[in-house]
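Q: give the three-dimensional model of this entry:
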Amino acid sequence: MTTTQKILLYPTQEYPCSYLPDRFARCLFLDPSIRPTADLYQELSDLGFRRSGSHLYRPQCNQCNSCQSSWIRVQDFTPSRSQRKILKRNRDLEEQHMPTRSTHEVYQLYSNYICQRHYGGDMYPPSKKQFNDFLCHQMDSSRHFIGYYLEQKLIGVGIVDQLEQGYSSIYSFFSSGLSQRSLGSYIILRHIERPRNRNIPYVYLGYWIKNSPGMAYKIAYQPLEVFDEKQWRLS
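A: Numbering: from 1, shown residues only. You can find the predicted model right below:
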């Protein structure tokens, strides 16, 4: 790390893991009293940290290293046959940058998504406070809400932080009634196309967990590199 800023990191207590059964998790958090600069945010991202609301964190579990931070090398990415079909299938969608805050239309889509896709999970039930705390906090980076519209109706939202070396995919949510469109995959593919066109090297995808059905999908975006304790390597 090249920054001269002094920082403190705090471990959490162990808690039941949300992704792997019969395991306990623990995270390492940046001191919440520190407002990260864009440089610090970038440097911590390169060390496997992620943003959730106002917090930067990284898993630091005892006897487990299954959660591995991942990024896509966008200049080397070539969509697979199925990914090309997804891009073609969604050519009729209109894409717009949106206000980076809660609106009735955006929150309603988010609420429906959590209720339908994550019923009973850590984020259920949804609330406006949860939405604002999780997705509307601004750090010293460019945050983008990108909306996807079908015949002027909002059907998907992707949220990214723009860092010096890449786009960090924070979260996406979409209409679950359009499963044939594979909107989750489409939003990731569009996240890859934007930095590629601007010669930005990476898209940070968050944590890849090989044995978690909900997190293993990221391996489909190649070349995918993961941060394995001390360095980035091809998955």
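Q: can you pull out the helices in the chain?
A: For the chain, applying DSSP state H gives helices covering 38-45, 81-89, 104-117, 128-135, 183-197.
Q: now the last one - C-alpha only, CSV.
A: Yep, that's helix 183-197 we're talking about. As requested, C-alpha coordinates have been extracted for helix 183-197 and formatted as CSV (Å, rounded to 0.1, in the frame of the first residue of the first chain):
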residue,chain,number,x,y,z
LEU,A,183,-31.0,-9.6,-16.5
GLY,A,184,-28.4,-10.3,-13.8
SER,A,185,-25.9,-11.6,-16.4
TYR,A,186,-26.8,-8.8,-18.8
ILE,A,187,-26.1,-6.1,-16.2
ILE,A,188,-22.6,-7.6,-15.5
LEU,A,189,-21.9,-7.8,-19.2
ARG,A,190,-22.8,-4.1,-19.6
HIS,A,191,-20.6,-3.3,-16.6
ILE,A,192,-17.7,-4.9,-18.5
GLU,A,193,-18.3,-3.1,-21.8
ARG,A,194,-18.2,0.4,-20.2
PRO,A,195,-14.7,0.3,-18.8
ARG,A,196,-13.4,-1.6,-21.8
ASN,A,197,-14.4,1.3,-24.0
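Q: and it, what other elements does it pack with?
A: Helices and strands touching helix 183-197, as assessed by 3 or more C-beta pairs under 8 Å, 6 or more residues apart in numbering; DSSP states H and E, comprise helix 81-89, strand 142-150, strand 153-162, strand 166-174, strand 202-208. Just so you know, the C-beta spots here come from the backbone N, C-alpha and C atoms, and that holds for glycine as well.
Q: list of residues touching that helix?
A: Residues external to helix 183-197 that are found in contact with it (C-beta atoms under 8 Å, 6 or more residues apart in numbering): 72, 74-75, 77, 79, 83, 86-87, 89-90, 93, 95, 146, 148, 155-156, 158, 160, 166-167, 169, 172, 174-175, 201-203, 205, 217, 220-221.
Q: any weak-confidence spans in the protein?
A: Screening the chain residue by residue with the criterion pLDDT under 70, one finds the ranges 1-5.
Q: do that again at 50, thanks
A: Screening the chain residue by residue with the criterion pLDDT under 50, one finds the ranges 1, 3.
Q: related to what we said a few turns ago, now distance to residue 56 and mean neighbour count too, for the helices and strands packed on helix 183-197, in a markdown table please.
A: What follows is those, written out as a markdown table (distance: least, C-beta to C-beta, whole Å; neighbours: other C-beta atoms under 10 Å):
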| stretch | distance to residue 56 | mean neighbour count |
| --- | --- | --- |
| helix 81-89 | 30 | 13 |
| strand 142-150 | 14 | 18 |
| strand 153-162 | 11 | 20 |
| strand 166-174 | 11 | 22 |
| strand 202-208 | 12 | 22 |
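Q: right, and those - which one's nearest residue 67?
A: Among these, strand 202-208 comes nearest to residue 67, with 4.4 Å by C-beta to C-beta.
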